[in-house]
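Asks: The sequence and its predicted three-dimensional model are supplied below.
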Amino acid sequence: MGGVITVSERSWIAPFTGLSPRQFGRLVAALRREGADPVRRGRPWSLPLEDRVLLVAAYWRTNLTLRQLAPLFGVSKSAADRIIGHLAPALALQPRKRFRKQTVLIVDGTLVPTRDHTVAERSKNYRYSTNHQVIIDADNRLVVAAGRPVTGNRNDCKAWELSGAKAAVGRATVIADGGYRGTGLIIPHRRERGQPELPAWKEEHNASHRKVRARIEHVFARMKTWKILRDCRLKGDGVHHAILGIARLHNLTLTG
């Protein structure tokens with residue numbers, strides 16, 4: 001049975017991936033170069049690589065259940081599950097390994113409600129969540145790395161190291177909010193005990209800091225339009241692959 005959604009109808013690409021048909025074609029070509037579509041023995045995939053990529057993106061974008069999504073692509077529920085399990089890791093963003101000397105990065109954590117209680121814990125929003133440390137380039141808002149998820153009851157200063165985000169940036173300059181005290185990152189000035197108010201120059205620094213750091217909040221707002229980051233049903237590494245894959249698609253929309 002043929003599916004309703006297919007890449008051959010180019011109008012489906014932008015709503016589910018956020019990419020233009022040209023950008024989507026470049027993504028598929030890159031995946032082929034990276035070995036995401038190897039020749040394998042046995043029964044071939046029921047969908048071409050282009051449609052499989054679109055299926056994974058549609059799953060992340062809409063957060064439909066596989067029972068709802070599979071008929072739209074003309075495949076079975078189990079086939080859709082295998083496609084996501086195979087392609088989601090291939091779509092994951094590869095962290096940047098080197099940074100220019102003057103590069104300034106921004107880090108912050110975001111909570112993703114996650115139903116797999118083996119990787120999640122109750123967080124400050126009283127939901128089982130995972131904490132994801134995301135790092136962006138302050139100049140162009142591109143995601144450069146994302147740490148492995150830690151349980152949602154971990155605060156950001158602990159998650160920064162436990163997730164591997166700290167190791168991913170090396171010695172690059174990183175700014176963060178006040179939740180990262182004691183990490184060595186650049187955070188806002190705080191009043192000392194007994195100090196009624198900050199000096200004017202510190203207030204100016206904090207205003208500039210807030211203006212720059214707001215860029216990562218804009219990135220989170222765009223990434224959270226992918227509904228899987230509002231209620232993730234995936235198990236194990238599924239939530240990690242989803243946030244890395246969405247980060248890669250986010251970067252592609254910015255770079256054109």
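Replies: All right, it came through fine.
Asks: got the domain boundaries for this structure?
Replies: The chain is divided into the following domains under automatic domain parsing: 10-91, 104-235.
Asks: so which of those gets nearest Thr253?
Replies: Closest approach to Thr253 among those is made by domain 10-91 (5.0 Å; CB to CB). For glycine as for every other residue, the C-beta is placed from the backbone atoms N, C-alpha and C.
Asks: ranges for the helices of the chain?
Replies: 13-17, 21-33, 49-62, 66-69, 77-91, 156-162, 165-169, 200-223, 238-255 (DSSP state H).
Asks: Distance of Lys101 relative to Glu217?
Replies: Lys101 is 27 Å from Glu217, where distance means CB to CB, to the nearest Å.
Asks: Also Ser20?
Replies: The spacing between Ser20 and Glu217, counted by CB to CB, is 26 Å.
Asks: quick one: which of the two has more around it?
Replies: Ser20 (15 against 12; other CB atoms under 10 Å).
Asks: thinking the more buried one is in contact with Ser11, fair?
Replies: No: Ser20 lies out of contact with Ser11 (CB atoms under 8 Å); the separation is 11.5 Å.
Asks: one step back: out of the helices of the chain, which comes closest to Gln133?
Replies: The nearest among those, by CB to CB, is helix 165-169 at 3.9 Å.
Asks: Deepest in the core, which of the helices of the chain is it.
Replies: Greatest average neighbour count among the helices of the chain goes to helix 49-62 (a mean of 23), per mean count of other CB atoms under 10 Å.
Asks: okay, the angle between that one and helix 238-255?
Replies: Orientation check (axes from the mean of the first three to the mean of the last three CA atoms, to 10 degrees): helix 49-62 against helix 238-255 gives 100 degrees.
Asks: list the helices and strands helix 49-62 packs on?
Replies: On a contact count with 3 or more CB pairs under 8 Å, 6 or more residues apart in numbering; DSSP states H and E, helix 49-62 meets helix 13-17, helix 21-33, helix 66-69, helix 77-91, helix 238-255.
Asks: Please name every helix or strand in contact with the longest one.
Replies: If I follow you right, that is helix 238-255. helix 21-33, helix 49-62, helix 77-91, strand 128-137, strand 143-146, helix 200-223.
Asks: average pLDDT for that helix?
Replies: When pLDDT is averaged over helix 238-255, the result is 96.
Asks: any chance of the helices and strands packed on helix 238-255 in CSV, plus distance to Gly170 and mean pLDDT?
Replies: Output for the helices and strands packed on helix 238-255, formatted as CSV (distance: least, CB to CB, whole Å; pLDDT from 0 to 100):
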stretch, distance to Gly170, mean pLDDT
helix 21-33, 25, 95
helix 49-62, 30, 97
helix 77-91, 24, 95
strand 128-137, 11, 96
strand 143-146, 10, 96
helix 200-223, 19, 93
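Asks: would TSV of those with distance to Ala172 be doable?
Replies: What follows is those, written out as TSV (distance: least, CB to CB, whole Å):
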stretch	distance to Ala172
helix 21-33	25
helix 49-62	29
helix 77-91	25
strand 128-137	9
strand 143-146	9
helix 200-223	15
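Asks: which one of those lies closest to Arg248?
Replies: Among those, the nearest to Arg248 by CB to CB is helix 77-91 (6.0 Å).
Asks: Could you list every helix and strand in contact with the closest one?
Replies: Looks like helix 77-91 contacts helix 21-33, helix 49-62, helix 66-69, helix 238-255 (3+ CB pairs under 8 Å, 6+ apart).
Asks: mind checking pLDDT for Gly2?
Replies: Per-residue pLDDT puts Gly2 at 61.
Asks: How about Gln102?
Replies: In this model, Gln102 is scored at 89, pLDDT.
Asks: Burial check on it, number of neighbours?
Replies: Neighbours around Gln102, by other CB under 10 Å: 8.
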